[in-house]
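1. Provide a 3D model corresponding to the input given below.
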Amino acid sequence: MRGVVLHTAGDVRVEQRPDPAIVEPTDAIIRVTATCICGSDLWPYRGVEPADHQVMGHEYVGVVEEVGDRVQTIEVGDFVVGSFVISDNTCEICRSGYQSKCVHAEFVAQTIGTQAERARIPHADGTLVATPGQPAPELIPSLLAASDVLGTGWFGAVAAEAGPGKTVAVVGDGAVGLMGVLAAKQLGAERIIAMSRHPERQKLARYYGATDIVEQRGADGVAKIKELTNGLGAHSVIEAVGTQEATQQAIGATRPGGHLGMVGVNYDVTLRGIQLFFSGIHLHGGPAPVRRFLPELIQLVWDGAIDPGRVFDLTLPLEDAARGYEAMDERRATKVLLTV
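-> This next block holds a predicted model:
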């Protein structure tokens with residue numbers, strides 16, 4: 001089969017990879033219909049993470065072609081959406097709602113690599129969720145978003161305790177930040193402040209429910225958030241970038257007693273304990289337990305209640321994956337969908 005391999009930083013190739021096969025009786029083989037490039041894929045692409053002939057991709061939807069003898073909830077022919085972390089969905093951690101930290105957790109990125117024509121999904125019952133039927137083509141981008149970016153933005157909003165009567169600030173206008181805006185709106189937030197300097201992303205943030213746009217960053221961004229909130233800061237803040245500046249901005253924008261949901265993959269971010277101590281805020285985050293939210297998100301997409309697929313602003317065939325990486329690296333695209 002054809003699949004994306006990152007040979008080394010900046011060197012993306014689509015080449016022949018071995019066809020997947022059932023290894024464990026809890027496995028399923030899916031034919032990937034659509035996949036995409038994530039902001040976290042740019043870390044190895046840029047050399048922040050090591051890369052040596054690494055298979056790429058962790059967001060995926062497709063049709064089940066084969067299942068192991070112990071798979072019970074997924075059948076051949078089902079159209080499925082999968083989480084970016086493998087989970088059994090039965091262990092004590094999974095049952096508490098943190099499937100991304102399952103005792104059998106395995107990141108799909110770098111191990112399975114779903115930027116490919118097919119994929120073996122371990123613990124299929126705990127990782128895959130079937131859609132109510134075969135989706136219309138126009139639903140596929142939104143279902144694909146649920147595999148990671150929508151679920152991650154949703155977790156960011158849940159971790160920040162976004163809800164009725166709350167003012168929510170979203171730090172980051174990439175795909176996860178935009179999905180955080182969507183989630184905050186769906187969870188009933190009264191006011192949603194999107195921090196963005198890019199007109200096209202501002203427009204999409206408004207579409208998803210942002211009531212205010214703040215273009216300032218750093219200390220100026222914090223000051224503007226406080227100006228909009230009677231000097232207090234936001235009740236709920238979603239940090240969706242993962243840089244030092246964004247993290248500091250998010251902490252500063254959260255009011256005392258407020259909640260900060262951190263879902264940006266962060267490298268080299270240092271938090272001063274004394275600053276965090278005296279901020280008096282709640283901090284929650286990490287790899288999103290997307291599997292917890294998948295049934296609800298799939299149904300919202302299926303019913304037409306949300307349209308997260310708009311976050312994809314460039315669609316390319318799998319063979320042109322290198323162009324997609326370049327476009328996202330150069331910020332010419334927010335999120336790239338790859339058709340298979």
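2. now the helix or strand bottoming out on mean pLDDT in the chain: how far from the chain's centre is it?
-> Within the chain, no helix or strand scores below helix 273-279, which has a mean of 85 by mean pLDDT, DSSP states H and E. Relative to the chain's own centre, helix 273-279 is displaced by 28 Å; criterion: C-alpha atoms, centre = their mean, to the nearest Å.
3. other SSEs contacting it?
-> helix 244-253 (3 or more C-beta pairs under 8 Å, 6 or more residues apart in numbering; DSSP states H and E). All C-beta atoms are positioned from the backbone trio N, CA, C, and that covers glycine.
4. related to what we said a few turns ago, buried residues in the least confident helix or strand of the chain?
-> Neighbour-count burial for helix 273-279, counted by 16 or more other C-beta atoms under 10 Å, picks out residue 279.
5. following that helix, which helix or strand comes up?
-> The helix or strand immediately downstream of helix 273-279 is strand 282-285, counting by DSSP states H and E.
6. what's the mean pLDDT across the helix or strand that contains residue 298?
-> Using DSSP H and E, residue 298 maps to helix 290-302. Taken as a whole, helix 290-302 carries a mean pLDDT of 98.
7. surely residue 12 touches residue 321?
-> Yes - using C-beta atoms under 8 Å, residue 12 is in contact with residue 321, at 5.8 Å.
8. give the residues shared as contacts by these two.
-> 4, 56 (C-beta atoms under 8 Å, 6 or more residues apart in numbering).
9. out of those two, which sits in the busier spot?
-> residue 321 (26 against 22; other C-beta atoms under 10 Å).
10. figure out the helix or strand that the more buried one lives in.
-> Using DSSP H and E, residue 321 sits within helix 321-329.
11. now the helices for the chain?
-> Applying DSSP state H to the chain gives helices spanning 42-46, 92-95, 124-127, 140-146, 149-159, 175-186, 199-208, 218-228, 244-253, 273-279, 290-302, 321-329.
12. roughly how far is the fourth one from the heart of the chain?
-> Here helix 140-146 is found 11 Å from its chain centre; the criterion is C-alpha atoms, centre = their mean.
13. please export the C-alpha coordinates of that helix as CSV.
-> Only the C-alpha atoms of helix 140-146 are listed here, as CSV (Å, rounded to 0.1, in the frame of the first residue of the first chain):
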residue,chain,number,x,y,z
ILE,A,140,-16.5,13.0,5.7
PRO,A,141,-14.4,16.1,6.5
SER,A,142,-16.4,16.8,9.6
LEU,A,143,-16.3,13.1,10.7
LEU,A,144,-12.5,13.2,10.1
ALA,A,145,-12.2,16.3,12.3
ALA,A,146,-13.8,14.3,15.2
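14. give me the average confidence score over that helix.
-> 98.
15. that one packs against which elements?
-> With contacts defined as 3+ C-beta pairs under 8 Å, 6+ apart, the packing partners of helix 140-146 are strand 28-37, strand 60-67, strand 79-82, helix 290-302.
16. likewise for the last one?
-> In terms of contacts (3+ C-beta pairs under 8 Å, 6+ apart), helix 321-329 is packed against strand 11-16, strand 28-37, helix 42-46, strand 314-317, strand 336-339.
17. and it, what's buried?
-> Here helix 321-329 shows 321-328 as buried, counting by 16+ other C-beta under 10 Å.
18. so which of these is the closest to residue 215?
-> Of all those, residue 215 sits closest to residue 328, with 21.8 Å by C-beta to C-beta.
19. thought that closest one was touching residue 40?
-> No - applying C-beta under 8 Å, one finds residue 328 not in contact with residue 40, separated by 10.9 Å.
20. tell me the centre residue of this structure?
-> residue 149 (2.3 Å; C-alpha atoms, centre = their mean).
21. hmm, that residue is touching residue 180, no?
-> No - between residue 149 and residue 180 no contact is recorded; they are 9.8 Å apart, counting by C-beta under 8 Å.
22. report the rounded mean pLDDT for the helix holding residue 321.
-> In this model, helix 321-329 carries a mean pLDDT of 97.
23. ok, back up a step: tally of neighbours for the residue lying closest to the residue nearest to the centre of the chain once chain neighbours are set aside?
-> Residue nearest to residue 149 in three dimensions, not counting chain neighbours: residue 175, with 4.6 Å by C-beta to C-beta, 6 or more residues apart in numbering. When neighbours are counted by other C-beta under 10 Å, residue 175 registers 30.
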